[in-house]
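Novice: Could you look at this predicted model? Sequence included:
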Amino acid sequence: MTTNNRVKGLARLGQSIWSDNISRKLITSGDLRKLIDEGVLGMTSNPTIFEKAIVGSSDYDDAMRKLVKDGASVDEIYDALTIEDVGAAADEFRRVYDQSDGADGYVSIEVAPTLANDTERTMDEARRLWQTLDRPNILVKVPATRAGLPAIEQLLSEGININITLMFSMTHYEAVAEAHIRGLEARAASGQPIDRVASVASFFVSRVDTMVDADLEAIVRQEEANAGQAASLMGKAAVANSKLVYERFRQIYDGQRFAALKARGARLQRVLWASTSTKNPNYPDTLYVDTLIGPDTVNTVPPETWAAIQDHAFVRRSVDQDMDAARKGVSGLARLGIDLNEVGERLSVEGVDKFTRSYEQVLGAIAAKRDELMPTLPARKKTAAAKKATARRKPVAKKKAAARKAAVRQAVVKQKAVAKRKVARKPAAKKKATTRRK
């Protein structure tokens with residue numbers, strides 16, 4: 001099957017491929033336009049992607065010089081650079097948006113991860129980004145944290161397109177779907193149109209295997225009776241977790257409650273598979289593509305996974321196949337003391353932490369480059385400016401990092417305790433059964 005046929009084949013099966021990548025050069029060189037011609041139907045971004053784009057090149061230097069000359073702060077420089085990129089990319093994708101009647105052609109921009117646990121400030125920032133970009137094919141990314149969920153519901157009720165990010169478990173997914181439906185219900189009840197309100201639920205895949213495999217490896221190293229079962233489940237948690245979430249998606253959005261909204265023109269909140277590049281080199285590079293293909297889904301992929309899809313993706317409906325195996329896999333993990341909802345909470349904390357670190361690193365790099373581009377200021381003042389920018393973020397960052405690490409440690413201790421209790425009960429149960437037979 002040719003490259004073009006693979007991409008079109010995925011689209012015919014109801015799956016849109018989006019690019020999980022953005023940079024100034026990608027847009028200005030014409031390469032993004034070529035990707036769109038090849039079948040890319042949307043784009044996502046996050047602080048880690050912007051960190052690589054801005055820090056890893058000189059493509060932004062001219063824009064930064066102008067901003068520095070105008071007296072922009074570090075935060076204002078980051079804001080201006082990212083908004084310009086997202087807006088330019090959205091303009092390139094506008095033809096996809098128009099041709100698909102608003103089904104695809106979206107570009108995402110993320111609310112600052114430092115606001116992940118602040119509902120009011122998340123809403124304020126999402127509104128600002130939406131109004132500033134002022135395009136119908138923008139999705140504002142909001143994390144599925146406890147503070148994020150009420151913000152998601154309210155923003156959707158205001159007609160703002162939302163990409164919900166950092167979802168890792170069934171618990172996360174069900175809460176997000178509920179927020180989506182409640183938001184549309186509130187908007188409909190107020191007499192506002194709901195037919196152009198777009199949303200995707202970004203469900204992270206590969207990171208689940210990364211964390212669960214580490215837990216399974218620990219069990220295998222113990223060389224106890226359940227080591228074989230643990231080894232057999234390695235590399236299977238992420239796909240099983242995602243398949244069950246898709247099954248739940250169909251139950252919710254094919255159900256009666258959403259039918260009332262659908263009758264008024266509401267669009268499905270499609271499941272978007274995120275983090276779909278394989279982290280383990282022993283796994284196939286299209287593992288999280290080949291196994292999750294189906295109707296009303298999006299898969300956002302980095303450049304290396306896009307190249308792999310072009311070369312050898314196996315295009316056939318798969319997301320709702322082998323469901324018994326998926327259920328058995330999740331049950332097997334539970335018997336070993338691995339609760340995927342608990343894993344999801346650990347990954348959520350780590351996800352916010354990772355994006356926050358990237359965000360702070362790119363701000364630090366911008367601060368340093370800003371000083372380089374301020375030749376008229378005395379060296380002493382330039383250094384003070386950089387120190388001041390860092391000092392504003394440091395106390396808050398340290399406090400948040402400490403809290404996040406504590407939460408992760410607590411989750412790990414809890415999971416290990418559960419696993420030990422379950423393992424400890426098995427020999428006792430076996431001994432009791434033997435006594436009864438005697």
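Specialist: Arrived safely, thanks for sending.

Novice: Wasn't Val140 part of a strand?
Specialist: Yes. Membership of Val140 in a strand is supported by DSSP: H, G, I helix; E, B strand; the rest coil.

Novice: wouldn't it be in contact with Leu155 here?
Specialist: Yes. Using CB atoms under 8 Å, Val140 makes contact with Leu155 at a distance of 7.2 Å. C-beta coordinates here come from the backbone N, C-alpha and C atoms, glycine included.

Novice: Between the two, which contacts overlap?
Specialist: Ala126, Ile162 (CB atoms under 8 Å, 6 or more residues apart in numbering).

Novice: where exactly do the strands run in the stretch 201-350 of the chain?
Specialist: With strands called from DSSP state E, counting those that start in this stretch, the stretch 201-350 of the chain shows them at 270-274, 297-301.

Novice: how about the ones you listed in a markdown table, adding mean pLDDT, mean neighbour count and distance to Gln222?
Specialist: Below are those laid out as a markdown table (pLDDT from 0 to 100; neighbours: other CB atoms under 10 Å; distance: least, CB to CB, whole Å):
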| stretch | mean pLDDT | mean neighbour count | distance to Gln222 |
| --- | --- | --- | --- |
| strand 270-274 | 98 | 26 | 33 |
| strand 297-301 | 98 | 25 | 36 |
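
Novice: Any chance of CSV for those, columns distance to Ala230?
Specialist: Output for the strands of the stretch 201-350 of the chain, formatted as CSV (distance: least, CB to CB, whole Å):
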stretch, distance to Ala230
strand 270-274, 26
strand 297-301, 29
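
Novice: what's the closest of those to Pro284?
Specialist: strand 297-301 (14.0 Å; CB to CB).

Novice: List the buried residues of the host helix or strand of Val352.
Specialist: For Val352, the host element (DSSP states H and E) is helix 340-372. Across helix 340-372, burial judged by 16 or more other CB atoms under 10 Å covers 340, 342-360, 362-367, 369-371.

Novice: Of the strands of the stretch 201-350 of the chain, which is nearest Asn117?
Specialist: Using CB to CB, the strands of the stretch 201-350 of the chain put strand 270-274 closest to Asn117, at 20.5 Å.

Novice: Which secondary structure elements does that closest one sit against?
Specialist: The helices and strands touching strand 270-274, judged by 3 or more CB pairs under 8 Å, 6 or more residues apart in numbering; DSSP states H and E, are strand 199-204, helix 237-253, strand 297-301.

Novice: 6 Å - rerun?
Specialist: strand 199-204, strand 297-301 (3 or more CB pairs under 6 Å, 6 or more residues apart in numbering; DSSP states H and E).

Novice: Within its sheet, name the partner strands of the shortest one and how each one runs.
Specialist: To tie it back to what came earlier, the one meant is strand 297-301. strand 15-19 (parallel), strand 270-274 (parallel) (DSSP bridges).

Novice: try the longest one
Specialist: Take DSSP bridges as the rule and strand 199-204 pairs in its sheet with strand 162-167 (parallel), strand 270-274 (parallel).

Novice: Format these as CSV; extra columns: distance to Ser23.
Specialist: Formatted as CSV, these follow (distance: least, CB to CB, whole Å):
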stretch, distance to Ser23
strand 162-167, 19
strand 270-274, 19
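
Novice: gap between Ile162 and Ala112?
Specialist: 15 Å (CB to CB, to the nearest Å).

Novice: quick one: which of these two has more around it?
Specialist: Taking other CB atoms under 10 Å, Ile162 and Ala112 do not tie; Ile162 has more neighbours (30 against 19).

Novice: can you give me the helices for the stretch 151-300 of the chain?
Specialist: 170-189, 206-221, 227-232, 237-253, 256-262, 287-290 (DSSP state H, counting those that start in this stretch).
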